[in-house]
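Undergrad: below is the structure, and that's it, no one-letter string:
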């Protein structure tokens, strides 16, 4: 459709994380804790819990600054990376491939937190897609 909407259910059900480069991530984490009350953890980020709108399930968004020198956002040259939560990573990546998107298969990974896949947006920004494990779905 011209407006970019489809009749299929949404692939993304929430914002999994906001990650950005900072000159001094430790000091910046301190600023967010001190001035905005974010519960910044020893690993440098905060976990912001919420409930899914579609099914009421537990969920969370991670907010974390990275060192300015990080290579985690490559091949993007952007100073940020969005992480979106999905229910079926394999199907989402397959659909994105079918639509001609640049899926970075070499970056796919699985961990105790879930499965992670990566795609570049139309301006070369890195988008991380996260299918959380049931244990890591909430806060």
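TA: Okay, I see it. Since we're looking at a predicted model, the values are computed, not measured.
Undergrad: and the closest residue to residue 30 other than its chain neighbours, what element?
TA: Distances taken as CB to CB, 6 or more residues apart in numbering place residue 40 nearest to residue 30, at 7.2 Å, with adjacent residues excluded. Where you see a C-beta, it was placed from the backbone N, CA and C, and this is true even at glycine. Using DSSP states H and E, residue 40 maps to neither a helix nor a strand.
Undergrad: wait, residue 40 touches residue 28, no?
TA: No: between residue 40 and residue 28 there is no contact under CB atoms under 8 Å: 9.3 Å.
Undergrad: which one's more surrounded, these two?
TA: residue 40 (23 against 16; other CB atoms under 10 Å).
Undergrad: could you pull out the buried residues of the strand or helix carrying residue 95?
TA: Using DSSP H and E, residue 95 sits within helix 89-98. By neighbour count on 16 or more other CB atoms under 10 Å, the buried set for helix 89-98 is 89, 92-93, 96.
Undergrad: so what secondary structure elements neighbour that helix?
TA: Identification of packing neighbours for helix 89-98 by 3 or more CB pairs under 8 Å, 6 or more residues apart in numbering; DSSP states H and E yields strand 102-103, strand 114-120, strand 126-132.
Undergrad: closest one to residue 15 among those?
TA: strand 126-132 (10.1 Å; CB to CB).
Undergrad: tell me the strands beside the closest one, with direction?
TA: As defined by DSSP bridges, the strand partners of strand 126-132 come to strand 80-86 (parallel), strand 114-120 (antiparallel).
Undergrad: how far does the last one sit from its chain's centre?
TA: The one in question is strand 114-120. Between the centre of strand 114-120 and the centre of its chain there are 8 Å (CA atoms, centre = their mean, to the nearest Å).
Undergrad: pull out the buried residues from that strand.
TA: Buried residues in strand 114-120 (16+ other CB under 10 Å): 114-120.
Undergrad: let me have these in CSV, adding distance to residue 130 and pLDDT as columns.
TA: Putting these into CSV (distance: CB to CB, whole Å; pLDDT from 0 to 100) gives the following:
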residue, distance to residue 130, pLDDT
114, 6, 96
115, 7, 97
116, 6, 97
117, 8, 97
118, 10, 97
119, 12, 97
120, 16, 96
